[in-house]
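Peer 1: sequence and predicted structure below; questions after.
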Amino acid sequence: MKKWITPSLLLAAWSCLQAEQPVLERIVLFGNTRMREGTVIRQIGIRPLKAFDDSLLNKEKFWLIRLGFLRRVDFLTKPGSTPDQRILMVVMREKSRFSVSPSLHSDHLFGWTGGFDVEYRNLRGTRERMDFSILAGKYKKMHLAWQIPDLLPAWQLFFSTEIGRRDFPYLFPDFKPSFSFREDRLCLTLGKRFGRRLSAGTGLGWESVQSGTGRPDHRAAAGRKTESCPPSVNGIRGTGPDIRRAGFISGPNGRSMISPIRSACRR
């Protein structure tokens, strides 16, 4: 009989704590000038008629900030229609829609290279993101990425696409004489989220490599080669230190610059 005393007491204490916690009646937004109300509410893990406490509110507030579209978020509560219910007021300040980042650097192979990156956030108020970057000099690069995190919100499907080109003279010491090298790529990724921490997707794409006379790296002999990227699981991404193998994600000096919206088709 005594062995049931402790579990019974714990269960009674837990029931009392649950009874003391307020219950959410509804969520009201303030300050959302572009973001749609449904887009924000879907990201809050507290649902009507469910109990909550301060620790859960802090967790959900930090999650909204981590999404990258809000500059500031505050949660306030006020009494609801019954004594145990509360209305959650979400007061937010959105980030600017555009950002422009210029760049200028040099290295011993390609000399000075300059360009800029333009990011357009929160298209249509649904967390869509578009990023365009360009580099000019001996090493030329153009990259356009478009990400739709809520393609079908009810099914938690996401979609992303990338288009890019690299064009540079092959000046690396492992092959002489130097020759021109150009790479064009298109990659599409469709996937599904499982909660906040796990997502899986499949990427399909097209790649075209064109070089001048001579024998370049493992992907293309002299002339032109076109191939399709096979389907792959989106999850494990990596790159070597050399721009000859790093796709769009390296600069002319070979240092890796990995972005969170790189697709599954990257090798």
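Peer 2: Alright, I've got the coordinates.
Peer 1: list the contacts for the closest residue in space to residue 116 that isn't next to it in sequence?
Peer 2: Of all residues not flanking residue 116 in the chain, residue 102 sits nearest, at 4.8 Å (C-beta to C-beta, 6 or more residues apart in numbering). Every residue, glycine included, has its C-beta placed from N, CA and C. Going by C-beta atoms under 8 Å, 6 or more residues apart in numbering, residue 102 touches 114-116.
Peer 1: in its sheet, what does the helix or strand that residue 102 is a member of sit against?
Peer 2: Using DSSP states H and E, residue 102 sits in strand 98-107. Strand pairing for strand 98-107, using DSSP bridges, gives strand 111-123 (antiparallel).
Peer 1: packing partners of the following helix or strand past the strand it pairs with?
Peer 2: Once the chain leaves strand 111-123, the next helix or strand it forms, by DSSP H and E, is strand 128-137. With contacts defined as 3 or more C-beta pairs under 8 Å, 6 or more residues apart in numbering; DSSP states H and E, strand 128-137 has these neighbours: strand 111-123, strand 140-152.
Peer 1: so for the last one, mean pLDDT?
Peer 2: The average pLDDT within strand 140-152 is 94.
Peer 1: all strands of this protein, in order?
Peer 2: Under the criterion DSSP state E, the chain carries strands at the ranges 23-30, 70-79, 85-94, 98-107, 111-123, 128-137, 140-152, 157-170, 179-194, 198-211, 223-229.
Peer 1: return the fourth one as CSV; C-alpha atoms alone will do.
Peer 2: These are the backbone C-alpha positions of strand 98-107, laid out as CSV (Å, rounded to 0.1, in the frame of the first residue of the first chain):
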residue,chain,number,x,y,z
PHE,A,98,15.2,44.8,-48.3
SER,A,99,18.8,44.5,-47.4
VAL,A,100,21.9,45.2,-49.6
SER,A,101,25.4,44.0,-48.7
PRO,A,102,28.3,45.2,-50.9
SER,A,103,31.5,43.2,-51.0
LEU,A,104,35.1,43.8,-52.2
HIS,A,105,38.1,41.6,-51.8
SER,A,106,41.2,40.4,-53.5
ASP,A,107,43.4,37.3,-53.7
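Peer 1: now do it against strand 128-137, angle only.
Peer 2: Angle of strand 98-107 versus strand 128-137, following axes from the mean of the first three to the mean of the last three C-alpha atoms, to 10 degrees, is 30 degrees.
Peer 1: mind checking how far strand 98-107 is from the chain centre?
Peer 2: Relative to the centre of its chain, strand 98-107 is centred 20 Å away, using C-alpha atoms, centre = their mean, to the nearest Å.
Peer 1: what of stretch 72-92?
Peer 2: Distance, stretch centre to chain centre, for stretch 72-92: 30 Å (C-alpha atoms, centre = their mean).
Peer 1: can you check stretch 164-179 too?
Peer 2: Remark: stretch 164-179 is offset 31 Å from the chain centroid, using C-alpha atoms, centre = their mean.
Peer 1: just the C-alphas of that stretch, formatted as CSV.
Peer 2: C-alpha atoms of stretch 164-179 as CSV (Å, rounded to 0.1, in the frame of the first residue of the first chain):
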residue,chain,number,x,y,z
GLY,A,164,23.5,30.3,-60.8
ARG,A,165,26.5,30.8,-63.0
ARG,A,166,30.2,31.0,-62.4
ASP,A,167,32.7,32.2,-65.1
PHE,A,168,36.4,32.5,-64.5
PRO,A,169,39.8,31.7,-66.0
TYR,A,170,41.2,28.5,-64.6
LEU,A,171,44.4,29.8,-63.0
PHE,A,172,45.1,27.0,-60.5
PRO,A,173,48.6,25.5,-60.6
ASP,A,174,47.5,21.9,-61.1
PHE,A,175,46.8,22.5,-64.8
LYS,A,176,48.8,24.5,-67.4
PRO,A,177,48.1,26.4,-69.5
SER,A,178,45.1,28.3,-68.1
PHE,A,179,41.7,28.1,-69.9
